[in-house]
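> quick one: sequence and predicted model below, then my questions.
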Amino acid sequence: MFSLVRRRCPGQSRWSPHAVTSVLPAAVRASDAGATYSAAGGWLHDNPVGGVQVSQAQPDRQAVHDELERARHAFHEMVRDASPAALRRRTDGTRWTNRQLLFHMLLGYLVVRTLLPLVRTLGRLPDRVSLTFAGVLNAGTRPFHLVNYLGACGGALVLHDRRLIARVDRTIAALHRQLDQETDASLALRMHFPTGWDPYFADTMSVLEVYHYGTQHFDHHRRQLTLDLPRR
């Protein structure tokens, strides 16, 4: 057993939005704590911890379409119903306000659009190419977390309310179109990922798993919002 406290992972920037971690020994088995953690490398993957439920089942094409629509509708509901005061409120477990975190949740889907052509390209090359690439990115984990944090602070000043929803709609519609155009072979392409950048990045991920990552990221952060939306 262990308790959740507000501490950083070893080697993790203090700017990381995921800097609410556990007091864990050097390695904790997933069967014991619902997560795998390495004192040297940080999160390897994130299972149900602290109320965050993460599906470990392999997604299929239709399931990804369905979860994209679920997230789109949730974005609309949250932005429509949240009061100005609620949007300025601090979130539970991050250094962002609710408005800033909503932008970061959109950013997860924008990242998916950026990653997809990269995985399709590197997935066709020898394994060592993406392994080296992921290693280079992992070396830049600290500055990445700083840029990630500050990016949401600035982005929320520009994209919020109706502008945010319009970008969400365009981004998810584009992902639907791309997913429909994928072949089974392209969905199976995979590459190595920088596991230090995000708790939902596995050592290797397929194109299909990258599509799914956007909603894993969305669901994780949705639980950290403190919007107190009215019941319907």
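Okay, I see it. Numbering: from 1, shown residues only.
> what's the closest non-adjacent residue to residue 167?
Among residues not flanking residue 167 along the chain, residue 159 sits closest, at 5.7 Å (Cβ to Cβ, 6 or more residues apart in numbering). No exception for glycine: its C-beta is placed from N, CA and C like everyone else's.
> gap between the one you found and residue 217?
The gap separating residue 159 from residue 217 is 17 Å, by Cβ to Cβ, to the nearest Å.
> what do you get for residue 104?
Residue 104 is 9 Å from residue 217, where distance means Cβ to Cβ.
> before we move on, what about residue 123?
Distance from residue 123 to residue 217, by Cβ to Cβ: 21 Å.
> check residue 179 too.
From residue 179 across to residue 217, the span is 17 Å (Cβ to Cβ).
> do residue 228 as well
22 Å.
> give the rounded mean pLDDT of the lengthiest helix in the chain.
Longest helix in the chain by number of residues (criterion: DSSP state H): helix 98-122. Average pLDDT, helix 98-122: 97.
> stretch 147-157 now?
93.
> same check, this time on stretch 190-206
95.
> please identify the buried residues of that stretch?
Using 16 or more other Cβ atoms under 10 Å as the burial criterion, the residues of stretch 190-206 that qualify are 190-202, 204-206.
> list the contacts for the nearest residue to residue 225 once chain neighbours are set aside?
Among residues not flanking residue 225 along the chain, residue 98 sits closest, at 5.4 Å (Cβ to Cβ, 6+ apart). Residue 98 sits next to 82, 86-91, 225-227 when contact means Cβ atoms under 8 Å, 6 or more residues apart in numbering.
> thanks a lot, catch you later.
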